[in-house]
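# Sequence and predicted model, in that order:
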Amino acid sequence: MSAQILDGKALAQRFEEEMSQRVEALKAASGGRTPILATILVGADPASATYVKMKGNACRRVGMDSQAIELPQDTTTEQLLRRIEELNANPDVHGILLQHPVPEQIDERLCFDAIALGKDVDGVTCLGFGRMAMGEHAYGCATPKGIMRLLEHYQVPLEGQHAVVIGRSAILGKPMAMMLLGANATVTICHSRTRNLPELVKQADIVVGAVGKPEFIKADWIKDGAVVVDAGYHPQKCGDIELAPVIDRVAAYTPVPGGVGPMTINTLIFQTLEAAEKVLND
Ligand SMILES: Nc1nc2c(c(=O)[nH]1)N[C@@H](CN(C=O)c1ccc(C(=O)N[C@@H](CCC(=O)O)C(=O)O)cc1)CN2
């Protein structure tokens with residue numbers, strides 16, 4: 001069997017070309033106003049700094065701007081909330097990204113939830129999650145929404161399929177499960193205390209690795225013909241799933257790197273453009 005590669009890098013590039021045209025049209029229609037994503041990075045975690053830089057670069061590639069806010073490691077919850085309130089009130093800012101994780105003294109949930117719903121282009125607020133889960137409009141959480149866009153592009157059937165999501169984090173596993181459910185998949189959510197994890201994964205038509213541990217999901221848990229989606233990315237340049245031994249016997253898989261990661265960034269930028277279009281086209 002020759003597996004389909006769910007190529008997130010190529011798809012993100014293609015979507016960027018389409019978005020560039022939309023940005024140009026928006027600027028022309030709004031007297032030259034430019035969509036702006038505000039990015040907030042707290043502390044000096046090198047990986048987070050890299051991701052935020054990649055997001056700013058992606059904005060510029062499609063003709064949008066980013067406003068980078070860098071706050072020191074000892075920032076308090078109150079200080080961060082004030083910065084978010086300023087961005088909420090700034091009409092020139094169309095989307096707000098708070099890079100996760102923040103230093104441990106900060107109440108991350110409180111800060112995520114302070115982001116105005118219309119500017120929550122990273123889909124991190126409880127309100128946005130609730131609306132999405134109930135089938136109402138909200139910007140989706142960037143990584144799971146990016147996975148859904150990838151699966152849709154490659155016409156991976158979801159309806160009636162058994163999707164097993166391994167991981168239950170607020171910005172990945174939980175919204176992923178709700179999005180798959182919204183697409184009429186039958187969803188099992190597994191986590192660190194799940195018993196019989198290998199047996200559950202063996203039942204999956206679609207496996208989503210979202211556990212944050214390198215190659216935690218073993219090749220011999222994955223059934224022949226499954227669709228394998230790996231949302232992990234680790235310094236060893238591998239994901240959450242032991243991928244190499246299964247690529248000849250699965251139906252489709254996301255490579256690491258070049259699968260889910262580029263779609264995460266593309267989705268954030270795409271949703272920023274949507275938010276800007278809502279404001280600037282009015
Ligand atoms: N507020 C948020 N914080 C975090 C999110 C998020 O979606 N919102 N996701 C992750 C990290 N992340 C984006 O922030 C991210 C991780 C990896 C990639 C990516 O494109 N990886 C590449 C490889 C990169 C490399 O070569 O160094 C790939 O997989 O091809 C993009 C975004 C945690 N925080």
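Now that the structure is in, tell me what you want to look at.

# quick one: contacts of stretch 152-160?
Stretch 152-160 has contacts (Cβ atoms under 8 Å, 6 or more residues apart in numbering) with 4, 6, 11, 151, 180, 183-186, 206, 227, 252. Yep, even glycine has a C-beta here, placed from its N, CA and C like the rest.

# Check which residues of that stretch are buried.
153, 156, 158 (16 or more other Cβ atoms under 10 Å).

# re the thing from before, in strands, which of the contacts of stretch 152-160 fall?
When DSSP state E is applied, the contacts of stretch 152-160 are split such that 4, 186, 206, 227, 252 fall in strands.

# Nearest residue to the third one in space, please, no chain neighbours.
What it means is Ile206. Ala163 (4.1 Å; Cβ to Cβ, 6 or more residues apart in numbering).

# Quick check: phi and psi at Thr50.
Main-chain torsions, Thr50, degrees, to the nearest 10: phi -60, psi -50.

# Spit out the contact partners of the residue of the stretch 1-150 of the chain found nearest the ligand.
Per Cβ to the nearest ligand atom, His100 is where the stretch 1-150 of the chain lies closest to the ligand, at 3.4 Å. Counting by Cβ under 8 Å, 6+ apart, His100 touches 48, 108, 124, 171.

# Could you rerun that using 10 Å?
42, 48, 51, 108, 111-112, 122, 124, 169-172 (Cβ atoms under 10 Å, 6 or more residues apart in numbering).

# Repeat that for Thr186.
Contacts of Thr186 (Cβ under 10 Å, 6+ apart): 158-164, 180, 203, 205-206.

# And the pLDDT at Met1?
Note on Met1: pLDDT of 64.

# Could you do the one 10 residues further on as well?
The predicted local distance difference test score for Leu11 is 98.

# Just give the number of residues close to it.
When counting by other Cβ atoms under 10 Å, one arrives at 19 neighbours for Leu11.

# who touches it in this structure?
Residues near Leu11 by Cβ under 10 Å, 6+ apart: 146, 149-150, 153-154, 259, 262-263, 266.

# at 8 Å instead, please
149-150, 153, 262-263, 266.

# do Ser30 as well
Here Ser30 is in contact with 280-281 (Cβ under 8 Å, 6+ apart).

# now it: how far from Ser66?
18 Å (Cβ to Cβ, to the nearest Å).

# Taking this structure, what residue is nearest to the ligand?
Nearest residue of the chain to the ligand: Gly261, at 2.3 Å (Cβ to the nearest ligand atom).

# how about the strands of the stretch 151-282 of the chain, start to end?
With strands called from DSSP state E, counting those that start in this stretch, the stretch 151-282 of the chain shows them at 162-166, 186-190, 206-209, 227-230, 252-253.

# For Ile5, see how far away the residue lying closest to Leu6 once chain neighbours are set aside is.
Leaving aside its sequence neighbours, Leu6 sits nearest to Thr254 (Cβ to Cβ, 6+ apart; 4.6 Å). For Thr254, the distance to Ile5 (Cβ to Cβ) stands at 8 Å.

# Compare neighbour counts for these two and give me the winner.
Thr254 (28 against 15).

# Surely the more buried one and Val228 touch.
Yes - counting by Cβ atoms under 8 Å, Val228 is a contact partner of Thr254 at 7.0 Å.

# which parts of the stretch 101-250 of the chain sit against the ligand?
122, 124, 142-143, 171, 233 (Cβ under 6 Å from any ligand atom).
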